[in-house]
Each structure stands twice: as C-alpha cells, then as structure tokens.
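**Student:** Build the 3D model from these lines:
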Amino acid sequence: MNTRRIFGLPFLSLVPGVMALCQLSGTKTIGGASPDYATFTDAVNALQTLGVSDSVLFVVRPGAYNEQLFIPAIPGASDAHTVTFQGASAAQCTLWYASTVYDTNYIYHRARLQQPGSLL
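**Tutor:** Numbering: from 1, shown residues only. Below you'll find the predicted structure:
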C-alpha cells in the first residue's frame, strides 16, 4: 500500500471560496439593473482596494447619484492606464451632493477634467 500523499490538493479543498483578487480593467457599469457597482462610492472603493492593471471605463447608467466623492490615488493608474467615468447618456446622468455644511459643498479634488473631444 502506498502511503505517500500530496498535501497541496487536500489543503485546497479546506479553503473553499478563496480566490485571488484581480486588478480592474475594461468596461464596468455603475447603477441601473445588474450593475458591476451600484454607486460611485462602490466603484471608487474597488479602485482603491484592487487598483488597475489596464485602463478602466465606468459607464454610468441613467439616474441621479447623491454622493460626495473623494478619489484617492489609484494603484496602477497612469497616463497609459486611465480611469474614466462616462455617462451612458449625459443628459440622464447626474452626480450631485446635498451638503448640509457650506465647506463640503464642492466636487473637485486634484482632477484633470476633460470635455469629450477636447485636448488638454
């Protein structure tokens, strides 16, 4: 009887549900039915936690999003690996924040803003 065992395989069966976290890349959705992220905050948290391995495009589905955002440095983001938030329909996507304190009523932090089709 052969008593040798390979210990790697039994160990894998002891940790079900463990998976490697992958950096973000490609197109993701925010809001709407069956989104990748329900809110901007969820998307930004994923960016901060996972980072990016290539460019990421967040397509924002129609709706009004009442959120205050702070977008920190994103691991992996660069001129070659950009992060873009784009409305599926700009006329139907609104990001707003109902501040109750005057000094937090703004949306801008070290951002490079660009209109579609323009050059910076």
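
**Student:** From here on, just use CA atoms for contacts and neighbour counts.
**Tutor:** Fine.

**Student:** Show me what the spatially closest residue to Ala77 that is not a sequence neighbour is bridged to.
**Tutor:** Nearest non-adjacent residue to Ala77, counting by Cα to Cα, 6 or more residues apart in numbering: Val52, 6.1 Å away. Per DSSP bridges, residues listed as beta-bridge partners of Val52: Leu24.

**Student:** Would you check that Val52 makes contact with Ala73?
**Tutor:** No - between Val52 and Ala73 there is no contact under Cα atoms under 8 Å: 11.1 Å.

**Student:** Which residues are in contact with Gly51?
**Tutor:** By Cα atoms under 8 Å, 6 or more residues apart in numbering, the contact list for Gly51 reads Gln23, Leu24, Ile74, Pro75, Gly76, Ala77.

**Student:** For it, give me phi and psi.
**Tutor:** Here is the backbone geometry of Gly51 (degrees, to the nearest 10): phi 80, psi -170.

**Student:** Weed out the non-buried ones from the contacts of Gly51.
**Tutor:** By neighbour count, with 16 or more other Cα atoms under 10 Å, these hold Gln23, Leu24, Ile74, Gly76, Ala77 as buried.
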